[in-house]
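# compute the structure for the input listed below.
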Amino acid sequence: MSGKEHSYATTVEWTGNTGSGTSGYRTYQRAHTIVAEGKPVIPGSSDPSFRGDPARYNPEDLLVGSVSACHMLWYLHLCSAGGIVVTGYVDHAEGTMVEDAEGGGRFAGVTLRPEVTLAPGSDEAAVLKAHHEAHEKCFIANSVNFPIVVEPVFRTE
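Numbering: from 1, shown residues only. Here you go, the predicted model:
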């Protein structure tokens with residue numbers, strides 16, 4: 001079964017050469033930019049644990065943010081299509097990465113904690129079902145090899 005194909009292009013440029021390139025582990029910055037045509041520049045670095053700049057986004061931040069944003073966008077779409085009126089949504093997502101003995105590593109999991117504000121009269125079962133379906137449809141969730149847990153909280157206006 002084939003479907004519609006979508007392509008995405010970004011340019012990542014290292015901006016952390018302090019004059020001597022990568023001549024030593026401590027001689028260069030991990031600073032870089034991430035650009036997609038016509039969009040704002042994302043300032044990037046590595047995690048501060050790996051000599052990165054804590055004021056810039058690291059790949060791990062962006063991965064957790066991508067999982068969270070994808071789930072939210074699917075959830076809002078499904079609610080809209082299903083007659084559920086969402087008036088507010090904030091997710092306090094968290095991911096855990098584990099390093100291995102060789103210095104590599106992987107994500108062990110991501111937990112999404114969406115706080116959803118609903119219009120009065122929302123069907124509680126439908127609201128929960130939409131989270132389950134959003135997780136099943138999320139392109140990012142379907143592309144990663146670690147578990148994603150969704151722990152939603154609902155409030156009525």
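# work out for me the element residue 53 sits within.
Using DSSP states H and E, residue 53 is not contained in any helix or strand.
# quick one: contacts for residue 109?
Counting by Cβ atoms under 8 Å, 6 or more residues apart in numbering, residue 109 touches 95-96, 146-149. From N, CA and C alone the C-beta is placed, and that goes for glycine too.
# residue 79 contacts residue 89, doesn't it?
No - using Cβ atoms under 8 Å, residue 79 makes no contact with residue 89, being 9.3 Å away.
# quick check, residue 96 in a helix?
No - assessed with DSSP: H, G, I helix; E, B strand; the rest coil, residue 96 is strand; it does not lie in a helix.
# quick check: it touching residue 147?
No - counting by Cβ under 8 Å, residue 96 does not reach residue 147; the two are 10.3 Å apart.
# got any residues that touch both of the two?
Contacts common to residue 96 and residue 147, judged by Cβ under 8 Å, 6+ apart, are 109-110.
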